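Give me a model of this one.
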Amino acid sequence: MTSLVVGLTLVLGAPPPEKLPAESILGDWQVTEVSRSPKSDFSKFKLNYIFGKDSFVLSTEFPNGKSDVQTIPYKLNRKDTHWEIDFTVHHSDSGFHKMLGRIEIKGDELKFCFAYPLSEKMVRPDGINTKNGNTIHTMKRVKSPAKK
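Here you go, the predicted structure:
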């Protein structure tokens with residue numbers, strides 16, 4: 001009977017998150033889609049992330065031709081069913097803001113969901129979704145050109 005209960009717990013338990021997101025997140029990622037509620041048009045923005053071990057570089061090209069590059073420290077937190085990411089961004093008009101997010105990596109696709117707009121009561125998204133104004137950056141890994 002004990003083995004049956006243990007077996008059911010293993011079968012019915014929540015699936016574990018990917019085993020190596022700390023390593024699999026590393027590298028260059030191009031944002032291919034931005035989803036947000038309420039909807040906003042980000043089609044003219046070019047966003048690129050380069051994830052290192054403890055920080056990522058976010059490069060933004062704006063529709064007006066201006067650009068911005070920020071190096072942003074982050075920390076990954078493994079939970080039973082998902083990965084969380086905590087990071088701090090700087091906005092020129094409002095200062096530094098701690099951000100709470102979730103990530104999901106499947107092969108060469110990364111979904112990065114975070115609470116937005118900025119508020120004093122920042123709440124971590126409860127999934128990869130656009131509820132409560134969450135924003136999702138869907139990215140594809142930028143492949144290095146093959147060496148000859």
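
beta partners of the nearest residue to Glu104 once chain neighbours are set aside?
Nearest non-adjacent residue to Glu104, counting by C-beta to C-beta, 6 or more residues apart in numbering: Lys111, 4.5 Å away. (C-beta placed from N, C-alpha, C; glycine too.) With DSSP bridges applied, Lys111 shows beta-bridge pairing to Glu104, Thr138.

Lys111: neighbour count?
Per other C-beta atoms under 10 Å, the neighbour tally for Lys111 reads 17.

cool, and Phe114?
Other residues within reach of Phe114, judged by other C-beta under 10 Å, total 20.

same thing with Ser35?
17.

Are we agreed that it is in a helix?
No. Read with DSSP: H, G, I helix; E, B strand; the rest coil, Ser35 is strand and lies in no helix.

Verify the stated contact: it with Thr135.
Yes. Between Ser35 and Thr135 there is a contact under C-beta atoms under 8 Å: 7.1 Å.

returning to what we had before: ok now do the residue nearest to Glu104, which residues does it touch?
Contacts for Lys111 (C-beta atoms under 8 Å, 6 or more residues apart in numbering) come out as Ile103, Glu104, Ile105, Ile128, Ile136, His137, Thr138, Met139.

Could you dump these into JSON lines with neighbour count and pLDDT added?
As requested, the contacts of Lys111 are exported to JSON lines (neighbours: other C-beta atoms under 10 Å; pLDDT from 0 to 100):
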{"residue": "Ile103", "neighbour count": "23", "pLDDT": "92"}
{"residue": "Glu104", "neighbour count": "18", "pLDDT": "91"}
{"residue": "Ile105", "neighbour count": "19", "pLDDT": "89"}
{"residue": "Ile128", "neighbour count": "17", "pLDDT": "94"}
{"residue": "Ile136", "neighbour count": "23", "pLDDT": "93"}
{"residue": "His137", "neighbour count": "22", "pLDDT": "94"}
{"residue": "Thr138", "neighbour count": "17", "pLDDT": "95"}
{"residue": "Met139", "neighbour count": "22", "pLDDT": "96"}
